[in-house]
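Visitor: got a predicted structure plus its sequence, pasted below:
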Amino acid sequence: MKKLLLIYASYDGHSGKISRHVSQHLQSLAQVQVDVAELKDGSEEFRLENYDSVFICAPIRYGFHLSPAAVFAKRQHHRLNTMHSIFCSVCLTARKGEKGKKTSQKYITKFLDKANWRATSALSVAGALYYSKYTWYDKMMIRFIMWLTKGDTDTSQDYCYTDWKQLESFAQSWQDTILEKPLQSALIK
Ligand SMILES: Cc1cc2nc3c(=O)[nH]c(=O)nc-3n(C[C@H](O)[C@H](O)[C@H](O)COP(=O)(O)O)c2cc1C
């Protein structure tokens with residue numbers, strides 16, 4: 001049975017939700033064993049050699065992916081570059097679809113280049129806005145960014161922009177790739 005590892009860094013919990021959703025969908029398709037774990041500081045050891053594929057998910061805050069994911073990818077890039085690996089970037093820019101694509105892709109390229117990680121594929125996923133959880137400063141900053149980008153500014157509500165169906169299709173194609181098809185080197189956009 002193929003073994004897949006999903007690891008994520010998260011500040012407000014949404015990247016964990018995304019990783020667990022992909023994991024649950026993979027498990028519903030059977031034929032694979034899936035482990036999910038959180039990166040706290042990037043120093044974790046996961047025995048990557050025991051897995052057929054690894055998925056690393058990280059959100060963007062103030063223009064940068066969270067540091068535990070950056071530290072982990074940099075530390076493990078030699079191993080990651082010899083196996084099937086996927087980078088999943090979570091951000092609000094991705095909620096803009098085609099319009100946000102260039103910026104989302106820039107975030108991904110910057111992250112992968114800095115880590116020297118040649119991921120087999122990468123995807124950008126729209127995240128969530130949890131106004132109810134943020135500190136006053138973060139709430140004001142993100143509300144201002146949302147105002148600039150014509151987004152949701154009503155801080156009395158939370159918003160989720162994640163396309164769960166898109167993630168399920170991704171999980172399906174990941175499983176197909178691992179089980180049947182030759183490895184792909186093109187980015188999943
Ligand atoms: C303080 C703050 C700063 C953020 N900065 C960015 C950013 O620079 N670009 C972007 O596209 N999204 C940005 N986001 C959106 C997050 O990537 C999004 O909320 C994501 O779902 C957070 O994932 P997490 O819950 O796993 O931490 C920001 C969110 C917050 C709260």
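Guide: Looks like it came in fine. Just so it is clear, the model here is predicted, and its values are computed rather than measured.
Visitor: tell me which parts of the chain are close to the ligand?
Guide: For the chain, the residues in contact with the ligand (C-beta under 6 Å from any ligand atom) are 10-15, 59-63, 90-93, 127-129, 134, 138, 141-142. Quick note: C-beta positions are derived from backbone N, CA and C, even for glycine.
Visitor: touching, Gln27 and His21? I think so.
Guide: No - look at Gln27 against His21 with C-beta atoms under 8 Å: they stay out of range, at 10.9 Å.
Visitor: report the closest residue of this structure relative to the ligand.
Guide: The chain approaches the ligand most closely through Gly127 (2.2 Å), counting by C-beta to the nearest ligand atom.
Visitor: tell me which helix or strand the closest residue to that residue other than its chain neighbours sits in.
Guide: Using C-beta to C-beta, 6 or more residues apart in numbering and skipping residues adjacent in sequence, the residue nearest Gly127 is Val90, 4.4 Å away. Using DSSP states H and E, Val90 sits in strand 84-91.
Visitor: please identify the pairing partners of that strand and their relative orientation?
Guide: Applying DSSP bridges, strand 84-91 is found paired with strand 53-61 (parallel), strand 121-126 (parallel).
Visitor: out of those strands, deepest packed?
Guide: Of all the strands paired with strand 84-91, strand 53-61 has the most neighbours on average by mean count of other C-beta atoms under 10 Å, namely a mean of 24.
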